[in-house]
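Colleague: Pasting the sequence and the predicted coordinates here, then a few questions.
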Amino acid sequence: MSILLQTLPAALNDQMMQMQTQTQIPNTTTTTTIIDDGSAAQDLSNSSFNAKLAVTSPGGSKYPLHIDNPQGIDAGDTRKLTCILYLNPDYNKDEDGGELRLLLPSSSTDPKTEMVDLTPEGGRLLMFWSDEMPHEVLPTAPNGDKDDPSLDRYALTVWIPTTNVTKLHNETSKFRNLKDLAFPAS
Ligand SMILES: O=C(O)CCC(=O)C(=O)O
Ligand SMILES: [Fe+2]
């Protein structure tokens, strides 16, 4: 784990690691990357990050639809990349719930979103832009006993800031309209 955390920002700024849009869903793969294909030089920090280990209780706990960094520099928030590593090795997709739901563009020409649900299987690493991607966590083990610790959902999130605030809420991103589509009243 420590190796991952130390090398991830540098690797993401490496030309060899620049991602094209790549969505691998679901069960036979452990890595899912949903990143704009114009991702060269987002100026990700290689010296700082925030991290959170979230333990979500069974019995239907959920996390509502949101964008991690909706306001960007207006709120003093420079987080650009969200990386989530799921940690439940024995995840049971029929009972354990807690899928991460992403709202993605239907197509490059269609002003609609489609939902993509990803199971939080242990070992899956998911990355997306913190300032653009609407997402929510569906109920965790909705029929499970809320006091059963074996049903707890574990997720380690690392947020990596950009050192260049012009990269936040960039009007040239192909995901720039997702916020309005996901939150039409706001
Ligand atoms: O645990 C997850 O799958 C996502 C959690 C999340 O969206 C967040 O902490 O902002
Ligand atoms: Fe989030």
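Modeller: Looks like it came in fine. Ligands and ions are numbered 1, 2, ... in the order given.
Colleague: Work out the gap between stretch 107-126 and the centre of the chain.
Modeller: 9 Å (C-alpha atoms, centre = their mean, to the nearest Å).
Colleague: now stretch 51-68
Modeller: Worked out by C-alpha atoms, centre = their mean, stretch 51-68 lies 12 Å from the chain centre.
Colleague: How about Cys83, nearest residue that isn't a chain neighbour?
Modeller: Setting aside the residues directly before and after it, Cys83 is nearest to Val158 in space (C-beta to C-beta, 6 or more residues apart in numbering), at 4.5 Å. Where you see a C-beta, it was placed from the backbone N, CA and C, and this is true even at glycine.
Colleague: any idea how far the one you found is from Leu85?
Modeller: 8 Å (C-beta to C-beta, to the nearest Å).
Colleague: tally of neighbours for Leu65?
Modeller: 12 (other C-beta atoms under 10 Å).
Colleague: hang on, isn't Glu132 packed against Phe175?
Modeller: Yes: under the criterion of C-beta atoms under 8 Å, Glu132 makes contact with Phe175 at 4.2 Å.
Colleague: the more surrounded of these two?
Modeller: A direct count of neighbours by other C-beta under 10 Å for Glu132 and Phe175 places Glu132 higher, at 25 against 21.
Colleague: pLDDT score for that one?
Modeller: In this model, Glu132 is scored at 92, pLDDT.
Colleague: Single out the residue in the chain that lies closest to ligand 1.
Modeller: Here the chain gets closest to ligand 1 at one residue, Ala155, 3.6 Å apart by C-beta to the nearest ligand atom.
Colleague: residues from this structure in reach of ligand 1?
Modeller: Counting by C-beta under 6 Å from any ligand atom, the chain comes close to ligand 1 at 54, 63, 68, 84, 100, 120, 135, 137, 155, 157.
Colleague: just the buried members of these?
Modeller: Taking 16 or more other C-beta atoms under 10 Å as the criterion, what is buried in the residues of the chain next to ligand 1 is 63, 68, 84, 100, 120, 135, 137, 155, 157.
Colleague: Beta-bridge partners for the third one, please?
Modeller: What it means is Ile84. Counting by DSSP bridges, Ile84 is bridged to Leu126, Thr157.
Colleague: ok now do it, which residues does it touch?
Modeller: Listed by C-beta atoms under 8 Å, 6 or more residues apart in numbering, the contact set of Ile84 reads 100, 125-127, 155-158.
Colleague: quick one: which of these is nearest to Ser47?
Modeller: For these, the closest approach to Ser47 (C-beta to C-beta) belongs to Val158, at 13.5 Å.
Colleague: Just to check, that closest one is in contact with Ala54?
Modeller: No: assessed by C-beta under 8 Å, Val158 is found out of contact with Ala54, at 11.8 Å.
Colleague: Strands of the protein, start to end?
Modeller: Residue ranges of the strands in the chain, as given by DSSP state E, are 31-34, 50-56, 63-66, 79-86, 100-105, 113-118, 125-129, 135-137, 153-161.
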